[in-house]
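# just a sequence and a predicted model for now, questions to come.
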Amino acid sequence: WSLSLVSLPQPAYRGTAMAFSARTNAMTGRLEWHAREDGDDAQDLLTSGYGDMLHDHERNLVYEEGIRAALAQKGPDAVVLDIGTGTGLLAMMAVRLGARRVFACEVYAPMAALAEQILAANTMADRVTLIRKRSTDMTAADLPAPADIVLMEIFDTELIGEGVLGTMDHALQNLARVDCCVVPATATLFVQPVQSPSVRVCNDLSVPPLEGLTLQPSRQPCGGVVSMQDVHVAERFRDLVPLAPPCPTFRFNFSRKPQPLKESKLFKATIDKAGRVDGLVVWWEALFPGGGMLSTAPAWVTEGKSRGWREHWLQAVQHTVSPLHVHHGSELHLLGWHDEYSLWYGTSLQLPAPLADVPSCECQAHVVWNRNRICMLHDSARWRKFQEALASCALSPSSIVVSASDGPVLPLLLGQSQLSSPVKEILCLDTSPLSGRVTGKLLAVNKLPHENVHFVSDATAVTKALQSFADQPKRHIDLLVGEPYFYSTLLPWHSLHFWYVREELHEHLAPSATIIPSMCHLLVQAVHFEQLHLLRAPVHGTSGFDMKAFDALHDDLSDHDTPYCCREYAHTFLSAPVVLLAVNFHDRVADVHGKTTMQLTADGEVNAFVVWSEFRVKEAWVSTGPDVPYCKQGVRLLRRPIAVCAGQTLDLTVEFAASTGDFSYTVVC
């Protein structure tokens, strides 16, 4: 997270001001100041999805045919406005198809600079006028005449989250003719009720993780936060069963003004398969001049049809407040609501009352736990490993226990263990005050002992709390336990923050203190992704245009690691897992310099390496690997894939700097 942003009048990348931000180091827990450096803007561009869109052949073809149809209707002298031009692709298509007056706006300075290079490389710099503004900051004076054709692609997975409604409302009122042609012309949102236990456990807190425990902080069911869960739905939720045909809901005509920025409507789905409605799958279809269509529908809807893979548009899941049991032929009422940026659907078997505003999370648990964390909290097997480990600990009424993880798992299990083996004090290190309050509610709701449970935010606060226990002269920690799970964790090695907590508490650990987990392994595996690697692959030419300037951004940057849930992306492993780094949590934090060798197990092309962690919990291991649906792994997509043969070996070097928490590995080919 960023604490603040300060601009100083010093030269920086491409003439911008030097920007500093304060961030918490996910490994060490320390607050650090960071300055943007050369290449940071390029890194932002490469992780923003532009490369994925340039590789999306279906998208690009449909847009080009839509532009062709619009120009056939309006003629080559039409004023064409490309809103949010990005690389300039759509504007260049318009020029190639004969448009003589093309204007493209782009407010993001690094992107606009890149668009200039690409336009020049395609000899179109003097044929496309680049306007460095948001379209909503433009006035009629920015164009020679109102636009006859408006090109835009301001869509996210839920269609309206990037502000397409407000953007087009402004454009139609201020920048375009009344009879302008918009590409695309319309879009429709679809929903489909589905049954899926794995969807349910991403939101429904009424499902007990263990017998006798509840995750509901209040008695009333809570529908959670308004935001949907964006996923490759067919790949993530493999037990999903559709219960009704797709139901069209909101339809937006982008050439009509005024566009409703906020509305609520009632829709109806007829159930054709009895079951339990655990959620709604949401997607959209956009129609283009000339009859073209783009759809983000899931695989089972587009079966038998050609649909390009894409990462920039997924599907969304709207979770239900409570599961609804439905029968064949019954009607499911869908109450839809949207404002300028947000979308929400409610489900009911009865005709619902009008909705003034969408419900919000009242239990606060959905606010502090994301959907993957809630899914993790429903993994009973994972809970039992920690439950059995804690049961084996030799604790006494004078023992002091420190739990160093965010969330309720360990406090609840420690509360349970106190029913039979009470301890003196339990200190729960939770970096989020809201999370601590939710866990405190859960201890009370589950009627677990909590008078001696204290919530603190960091290891320094643990030390202060230990010093406050006047009746504990030695104040030694007998048990230090972690999942470890922290809200700041993005990449697998960030969980090594537990090691730094242990380091800060070193002098307070009893000589015979138990530490759970006792070890951590970071493992790596060579992978061939069928499509995900396109995010890092060169585009060469997109729709016949020279995109070397975009590809050059890749060449200037080293390979980097990004969190992805590998389960959602088709892949083949080309090696067995190899331990990159082994950490014994009984040891002090120290630098690590190491080497290892990976043996390839199959012929193929390695286009990525995947890293994850596993933790030794007494005799069991808890993994965050590619087979775990709620975990993300650290994926390094390679700019240049490596052709390999079974039996071949690759050497890897690993570096860990204790002072900064920096972890890195290098593949030596």
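Yep, it's here.

# could you tell me the end-to-end distance of stretch 197-216?
18 Å (CA to CA, to the nearest Å).

# quick one: contacts of it?
217, 221-224, 229, 236-240, 278-279, 317, 319-320, 322-323, 363, 365-366, 371-372, 374-375, 377-380, 383-384, 387, 408, 412, 416, 442, 445-446, 629-630 (CB atoms under 8 Å, 6 or more residues apart in numbering). For every residue, glycine as well, the C-beta is placed using N, CA and C.

# and the buried ones among these, selectable in PyMOL?
Command for PyMOL that selects the buried part of the contacts of stretch 197-216, burial taken from 16 or more other CB atoms under 10 Å:
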select buried, resi 217+221+222+223+224+229+236+237+240+278+279+317+319+320+323+363+365+366+371+372+374+375+377+378+379+383+387+408+412+416+442+446+629+630
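
# ok now stretch 111-128, how far from the chain's centre?
32 Å (CA atoms, centre = their mean, to the nearest Å).

# avg pLDDT for that stretch?
The average pLDDT for stretch 111-128 rounds to 96.

# in that stretch, which residues are buried?
So stretch 111-128, judged by 16+ other CB under 10 Å, has buried residues 111-119, 122, 124-125, 127-128.

# mind listing what Val453 touches?
Pro411, Leu414, Gly415, Ile426, Cys428, Gly440, Leu443.

# which ones among these map onto strands?
Mapping those onto strands (DSSP state E) picks out Ile426, Cys428.

# same list (the contacts of Val453) but as TSV, adding neighbour count.
As requested, those are exported to TSV (neighbours: other CB atoms under 10 Å):
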residue	neighbour count
Pro411	23
Leu414	24
Gly415	23
Ile426	26
Cys428	26
Gly440	19
Leu443	20
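
# a markdown table for the contacts of Val453, including distance to Met152 and pLDDT?
Compiled in a markdown table, the contacts of Val453 are given as follows (distance: CB to CB, whole Å; pLDDT from 0 to 100):
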| residue | distance to Met152 | pLDDT |
| --- | --- | --- |
| Pro411 | 49 | 96 |
| Leu414 | 54 | 96 |
| Gly415 | 54 | 95 |
| Ile426 | 55 | 96 |
| Cys428 | 49 | 96 |
| Gly440 | 48 | 96 |
| Leu443 | 51 | 96 |
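
# among the contacts of Val453, which two are most distant?
Greatest spatial distance among these (CB to CB): Leu414 and Gly440, at 13.0 Å.

# so which of the contacts of stretch 197-216 sit within helices?
Among the contacts of stretch 197-216, DSSP state H puts 236, 365-366, 371-372, 374-375, 377, 380, 383-384, 387, 412, 416, 442, 445 in helices.

# just flag the most distant two among those residues.
Maximum distance among the ones in helices among the contacts of stretch 197-216 (CB to CB): 31.3 Å, for Arg236 and Gln416.

# which helix runs longest in the chain?
Ordering each helix of the chain by length in residues (DSSP H) puts helix 57-74 first.

# mind listing what's buried along it?
Within helix 57-74, judged by 16+ other CB under 10 Å, the buried ones are 58-60, 62-71, 74.

# dump stretch 657-669 to PDB, restricted to CA.
The C-alpha trace of stretch 657-669 is given here as PDB (Å, rounded to 0.1, in the frame of the first residue of the first chain):
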ATOM      1  CA  ALA A 657      19.300 -10.200   1.500                       C
ATOM      2  CA  ALA A 658      18.400 -10.100   5.200                       C
ATOM      3  CA  SER A 659      18.700  -6.400   5.600                       C
ATOM      4  CA  THR A 660      16.100  -5.500   2.900                       C
ATOM      5  CA  GLY A 661      14.100  -8.700   2.500                       C
ATOM      6  CA  ASP A 662      14.900  -8.800  -1.200                       C
ATOM      7  CA  PHE A 663      14.600 -12.200  -2.700                       C
ATOM      8  CA  SER A 664      15.700 -13.100  -6.200                       C
ATOM      9  CA  TYR A 665      16.600 -16.100  -8.300                       C
ATOM     10  CA  THR A 666      18.300 -16.400 -11.700                       C
ATOM     11  CA  VAL A 667      18.000 -19.200 -14.300                       C
ATOM     12  CA  VAL A 668      21.300 -19.900 -15.900                       C
ATOM     13  CA  CYS A 669      20.800 -21.400 -19.400                       C
END
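
# ok, residues contacting that stretch?
Applying CB under 8 Å, 6+ apart, the set of residues contacting stretch 657-669 is 25-28, 493, 496-497, 500, 522, 524, 580-581, 589-591, 609, 611, 642, 650-656.
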